[in-house]
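Peer 1: compute the structure for the input listed below.
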Amino acid sequence: MADEVILLDLWSSPFAMRVRIALAEKGIEYESKEEDLSNKSSLLLKMNPVHKQIPVLIHKGRPVCESLIIVQYIDEVWRDKSPLLPSHPCDRANARFWADFVDKKIYSTGKLVWATTGEVQEAAKKELIGCFNVLEGELGDKPYFGGDKFGFTDVSLIPFYSWFYAMETCGNFNIIEDCPKLVAWAKRCMERESVSKSLPDQYKIYCFLMGLKKKLDAK
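Peer 2: Numbering: from 1, shown residues only. Okay, here's the model as predicted:
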């Protein structure tokens, strides 16, 4: 098939979730190949020889790596349906800025909340809530970050909603108390089929992350 689309995937990865959401928004049929990162496939090593990480989108035999780059590629190639990036250059730049903010802040800080304890965890909780408050400021009273339409910044952030239960349980705090607008936004996103079918159950993610935490603690 000329338009064959393959996704080197991992069910628990928020970065792979981004790509699954984008593909679903566009209505693109694809083959998902689940990777085992402890025993990486020869296809993954061939298609992403630099980072050797998922997700990788393979389109017509050519790889595209890094989740936000993949989402932009999907938006550019299949531009006729559900645009994810705005049409105005300034709005596009703004969407990319906030997606980059999510990449630089939420994953690393969120991981410290569920993977650590004590002072490190407390500092991470404060920083995470601070980041969420900054994002709430950008969201304002809009339904989505880009306005009325679900878009690029939403795709970048919503996968981390699957971490909320794990972060709250491990950190002993309630995100909705500090960030009600963000939680309302996340629930609004979850009403979209593209999102609800791409994000795993939060309790399943919690169990997975606790297993990962045990391995990290044992090292």
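
Peer 1: please enumerate the strands of this protein.
Peer 2: In the chain, the strands defined using DSSP state E lie at 5-9, 31-34, 56-59, 62-65.

Peer 1: could you identify which of those is most buried?
Peer 2: Mean neighbour counts were compared across the strands of the chain using mean count of other C-beta atoms under 10 Å; the top stretch is strand 56-59, at a mean of 23. The C-beta positions use only the backbone N, C-alpha and C, and glycine is treated the same way.

Peer 1: I'd like to know which elements that strand is packed against.
Peer 2: strand 5-9, helix 42-47, strand 62-65, helix 67-77 (3 or more C-beta pairs under 8 Å, 6 or more residues apart in numbering; DSSP states H and E).

Peer 1: partners of it in the sheet?
Peer 2: Its sheet considered, strand 56-59 pairs with strand 5-9 (antiparallel), strand 62-65 (antiparallel) by DSSP bridges.

Peer 1: can I get those strands in a markdown table including distance to residue 128 and mean pLDDT?
Peer 2: Shown next, in a markdown table, are the strands paired with strand 56-59 (distance: least, C-beta to C-beta, whole Å; pLDDT from 0 to 100):
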| stretch | distance to residue 128 | mean pLDDT |
| --- | --- | --- |
| strand 5-9 | 26 | 98 |
| strand 62-65 | 27 | 98 |
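
Peer 1: export those strands to JSON lines and tack on distance to residue 184?
Peer 2: JSON lines is the format used below for the strands paired with strand 56-59 (distance: least, C-beta to C-beta, whole Å):
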{"stretch": "strand 5-9", "distance to residue 184": "29"}
{"stretch": "strand 62-65", "distance to residue 184": "33"}
